[in-house]
Structures are given as C-alpha cells and as structure tokens.
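>>> what would the 3D arrangement of this be:
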Amino acid sequence: MSVFAPAMITLWKAIESHGIDPAPLFSAEDINVHLPLDPCTRVPYLKIDRIRAKAVEMSGDEAFGIRAASHFEAPQLGALGYAWQASLTLRRACLRIERFVRVINSNAVVEVIDKDGAMVVTLKMNLPTESGFARDDGALALLTNMSRQICGDTFRLNAVNFTHAPPKDIKPYFEFFGCELNFDRPDNQLLIPLSIADEKLIGGNPELALLNDQVIMRRLAKLDRDDIVTRVQAALMDQLPSGNFSDDSVARTLHMSVRTMHRKLAEVNNNFRNLLVEMRRSMADLYILDNSLTLTEISMLLGFSEPSSFSRAFKSWTGSAPSEVRQARL
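Coordinates of the predicted model:
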C-alpha cells in the first residue's frame, strides 16, 4: 500500500496554503521531504492518509481536498503527467489513468465507461481513510483540474457523484465543479459530456505520449515483479521498433526461460501472442492519428517487416485499411 512520492507536493503545498507548517506533520510520520522529490520513491499510504487527516483537523477546512487540487501541476506525476498532457483526447488521457493509476497509488482503481451520453470516470481507492471527505474529494478535484489543464475553457462536467454525505457548506463544491452534485452515491464519479471527452486537444502528441507510456510501463514492471503481463508488455514495447524480437528475446530480458515465461502468462490466463497483438493494436491506434508518421514508419515502429504486413494486420483488427482510418480520423 504505497503512493507515488512526488504526488505529495500537492499535499505539502495545500497544507502551507492554510498557514500551517507541513514539515512537522511529515516528520511525525518519519517522512523527510527534500524537494524536488525522487520520482522513483514510494511512501506508505497510511502515513500520507494520517498527514492529510491531521491537516484537515488543524485547518478546519471541510473542503480541504478540493482546495488542494489547485496546487497540482501535471509534472508532479512524472511520466504519467507528461503522457496525460500529450494525450490526443480527454478520453485517451483518462484511459491512461485507468491503465496506469497504480503508479500513483498501488491500491487505487479507475474505470472509464460510457453511459447515458457521458463518459463516466469512477475512482475507487479500496482502502480505509482517516481523512473524511478530503481523500476522495481531492482525487475527484485533482482529475477535474487535470482535465481543465488540457481541455481549457471548453471543459465542463455534467455531474459529480460522491459516496459521502453532503457537506455542511456545499458552496466550495459548486464553485469548483460547477455542475450537478450528487451525494450518498455508490461510487465517486465524474460525468463528462461525450463531445468533450472525444474532442481533439491542441496539445495532443501521440508519439510523445507513447514514449512516456514506455517509461511508466518500465516503472510498473519494477514496482511489481510478480506482474508478468506488465513486464512482458514493457519488454515488447522496447523491442518492437528494432524488429528483432521474439518470445525468446523477451524472456531473456526478464531473466527467465521461455518455458517459465509462458507458464507464468498461462497462470494469469494470457499468452505471448495475445500480448503482442494487443500491444501492436493499441500502439497502431495511437500512431495512426499522428500525421507526422508515414504508414511505412508506423509499420517499422510496430516491428512489421513490410508495410503490407502491417496493413493486413490493421485491417484484421479494424475492418479497414490504415489509410482509410487515418483519412477518416484526421
């Protein structure tokens, strides 16, 4: 149960903004903060939760979690923050959070689905908290703030759902979220209009986003040595552009035999071929939207020996040729 240490900067600044010295609170939990924080550092979740709870108590601010979000900047999330900023659409950005949220909090879960004309982003922390509303409010506000940063003035919410009861003072909630607020709901959720979720963003850069995805996957592979799927995906992502990859080369990278790798994948109901196809397909979906890359370059980046091989594979995945999909989407 750990959290990404650089994300603590938001909490540190939020405490300072209330005129409270955060250093003693962190020191009481044996956490020595020296900025800038090492992006590889992990901090026990329970310690951070206790610090946040104490800050809420000392500040007397029921909306502490919401106000903390104003101190967030994407680089505080490292490669995930940069990948978020380079996402082509808000939907793709949220899907990155869904996929990589374990980098931020090892027990958090994010789910993204479409329902009733909205993209619904559900946040599940899956751990007890001493900080009342602040933890969940902070997560919802943080994701809202991140969305505003990449969408600009066009961003708006249909509604926000909270699992907790209504606060005594609802005004800060309306002022921050600017939409319908629903309390005592089963899940903490943001409801985002589909038109906003799928609008192309000015700062979108699929190639840059994918490069940061690679960094994240390597970090996840190191974070959880038992996650064979993530480790294989990270190795594949590194090896595909060279064209010289195989189950043997990936297994060697993971310091295990091919038989052991296949056995471990089978234990989680997966296999090497499925992961290879999934990796190529997801990367192709990103690359095809980057008009700076030719289809020949995309085929090489995905490890295909010939552009024709890539075209056949792409058509089997989507039912359309890559040139047709590119023309329709761009």
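
>>> quickly find the element holding Leu191.
strand 188-193 (DSSP states H and E).

>>> mind jotting down where the strands sit in the stretch 151-300 of the chain?
159-161, 180-182, 188-193 (DSSP state E, counting those that start in this stretch).

>>> out of these, nearest to Ser305?
strand 188-193 (41.1 Å; CB to CB). In short, each C-beta sits where N, CA and C put it, glycine included.

>>> tell me the strands beside the closest one, with direction?
Here strand 188-193 is paired, per DSSP bridges, with strand 118-124 (antiparallel), strand 159-161 (antiparallel).

>>> what's near enough to touch the most centrally placed residue in the chain?
The residue lying closest to the centre of the chain (CA atoms, centre = their mean) is Ile97, at 1.9 Å. The contact partners of Ile97, by CB atoms under 8 Å, 6 or more residues apart in numbering, come to 80, 84, 110, 121, 143.

>>> in a markdown table, list the residues you listed along with distance to Ser131 and secondary structure.
Below are these laid out as a markdown table (distance: CB to CB, whole Å; DSSP: H, G, I helix; E, B strand; the rest coil):
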| residue | distance to Ser131 | secondary structure |
| --- | --- | --- |
| Leu80 | 23 | helix |
| Trp84 | 25 | helix |
| Val110 | 20 | strand |
| Val121 | 21 | strand |
| Leu143 | 18 | helix |
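
>>> could you dump these into TSV and include neighbour count and pLDDT?
Below are these laid out as TSV (neighbours: other CB atoms under 10 Å; pLDDT from 0 to 100):
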residue	neighbour count	pLDDT
Leu80	25	88
Trp84	25	92
Val110	21	92
Val121	25	97
Leu143	22	94
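
>>> those residues: which two are farthest apart?
The two members of the contacts of Ile97 with the most space between them (CB to CB) are Leu80 and Val121, at 15.3 Å.

>>> ends of stretch 56-73, how far apart?
21 Å (CA to CA, to the nearest Å).

>>> quick one: buried residues of it?
For stretch 56-73, a neighbour-count test (16 or more other CB atoms under 10 Å) marks 56, 59, 61-69, 71-72 as buried.

>>> the residues you listed in strands, which ones?
Of those, none are assigned to strands by DSSP state E.

>>> could you measure from the closest residue to Ile202 other than its chain neighbours over to Arg252?
Distance criterion CB to CB, 6 or more residues apart in numbering; nearest residue to Ile202, sequence neighbours excluded, is Gly152 at 7.7 Å. For Gly152, the distance to Arg252 (CB to CB, to the nearest Å) stands at 46 Å.

>>> compare those two and say which is more crowded by neighbours.
A count of neighbours by other CB atoms under 10 Å puts Arg252 above the other of Gly152 and Arg252, at 14 against 11.

>>> let me see the contact set for the more buried one.
Applying CB under 8 Å, 6+ apart to Arg252 gives no contacts.

>>> go on, Tyr287?
Per CB under 8 Å, 6+ apart, neighbours of Tyr287: 206-207, 210, 293, 298, 301-302.

>>> now, of these, which are buried?
Buried among those (16+ other CB under 10 Å): 206, 210, 293, 298, 301-302.

>>> filter the residues you listed down to just the ones in helices.
206, 210, 298, 301 (DSSP state H).

>>> I'd like these as JSON lines, with distance to Asp238 appended.
Listed next are these as JSON lines, based on distance: CB to CB, whole Å:
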{"residue": "Pro206", "distance to Asp238": "18"}
{"residue": "Leu210", "distance to Asp238": "12"}
{"residue": "Ile298", "distance to Asp238": "17"}
{"residue": "Leu301", "distance to Asp238": "12"}
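
>>> relative to Val258, which of these is nearest.
Checking these one by one against Val258 (CB to CB), the nearest turns out to be Leu301, at 24.8 Å.

>>> was I right about that closest one contacting Leu240?
Yes - using CB atoms under 8 Å, Leu301 and Leu240 qualify as a contacting pair, with a distance of 6.8 Å.

>>> give the intersection of the neighbour lists for these two.
Common neighbours of Leu301 and Leu240 are listed as Met283 (criterion: CB under 8 Å, 6+ apart).

>>> show me the helices in the stretch 101-250 of the chain, by range?
134-151, 171-177, 194-197, 206-223, 228-239, 247-253 (DSSP state H, counting those that start in this stretch).

>>> mean pLDDT lowest where, among the ones you listed?
Looking over those, mean pLDDT reaches its minimum on helix 206-223, with a mean of 79.

>>> buried ones in it?
Buried residues in helix 206-223 (16+ other CB under 10 Å): 206, 208-210, 212-213, 215-221, 223.
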